[in-house]
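1. no sequence for this one, just the structure:
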């Protein structure tokens, strides 16, 4: 079953006010901030949509507050993909799928990156397989959409700012709608 635009709106309406694990923002605020950071960086619509939707899996697979503290990796990067694949292109889906591995890669290739991670991101890193080896990082960087995933990951890490002003839900749903229409026309 594919998620429609209204389904996505409903998920954010129903669960968007849940706390974003261990951070001073809600799930919706994190999504809006991620989308805003992508837009500010001049990303194309597909990557802005990916930034906005990258954690939708948390809303589809509710595991309670801060599941990493209980040793749970909710595999959110995969959870939404079957529901989004019928309506969105790989230019949206692959950065979402790869954003967890992008964290693992950045820890391997950027000496300063690990020190910038929040406590929850450090916990989840271990649950998600830990820092990539040099070989794993090199293999990751060869994948299609790896660069977009790295960009999305950096926005993800920064999208945890309390009371940050962003465009609203309708703005990002409009971008998602444009990307859905483009996919349908292809």
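-> It's in. Bear in mind the structure is a predicted one, so any value in this text is a computation, not a measurement.
2. Excluding covalently adjacent residues, which one is nearest to the most centrally placed residue in the chain?
-> By CA atoms, centre = their mean, the chain has its centre lying nearest to residue 54, at 2.5 Å. The spatially closest residue to residue 54, leaving aside those adjacent along the chain, is residue 96, at 4.9 Å (CB to CB, 6 or more residues apart in numbering). Bear in mind the C-beta positions are built from the backbone N, C-alpha and C, glycine included.
3. quick one: that neighbour from residue 33, how far?
-> 16 Å (CB to CB, to the nearest Å).
4. So between the two, which is more surrounded?
-> Just comparing residue 96 and residue 33: by other CB atoms under 10 Å the higher neighbour count belongs to residue 96, 28 against 23.
5. My guess is the more buried one contacts residue 82. True?
-> No: with contact defined as CB atoms under 8 Å, residue 96 does not count as touching residue 82 (12.0 Å).
6. mind listing what residue 144 touches?
-> By CB atoms under 8 Å, 6 or more residues apart in numbering, the contact list for residue 144 reads 90, 94.
7. Look at it and tell me its secondary structure.
-> The three-state label given to residue 144 by DSSP: H, G, I helix; E, B strand; the rest coil is coil.
8. Would you mind giving me the confidence score for it?
-> Per-residue pLDDT puts residue 144 at 97.
9. From residue 131, how far off is it?
-> 23 Å.
10. now residue 23
-> Taking CB to CB as the measure, residue 23 and residue 131 are separated by 21 Å.
11. swap in residue 155?
-> Distance, residue 155 to residue 131, by CB to CB: 20 Å.
12. ok, now residue 154?
-> Distance from residue 154 to residue 131, counting by CB to CB: 16 Å.
13. same question, residue 122
-> Distance from residue 122 to residue 131, by CB to CB: 11 Å.
14. So for the two, which residues contact both of them?
-> Taking CB under 8 Å, 6+ apart as the contact rule, residue 122 and residue 131 both touch residue 114.
15. neighbours around residue 178, how many?
-> 14.
16. Counting residues, name the longest helix you see in this protein.
-> When the chain is parsed with DSSP state H, its longest helix is helix 90-109.
17. what's the following helix or strand after that helix?
-> As assigned by DSSP states H and E, the chain's next helix or strand after helix 90-109 is helix 119-127.
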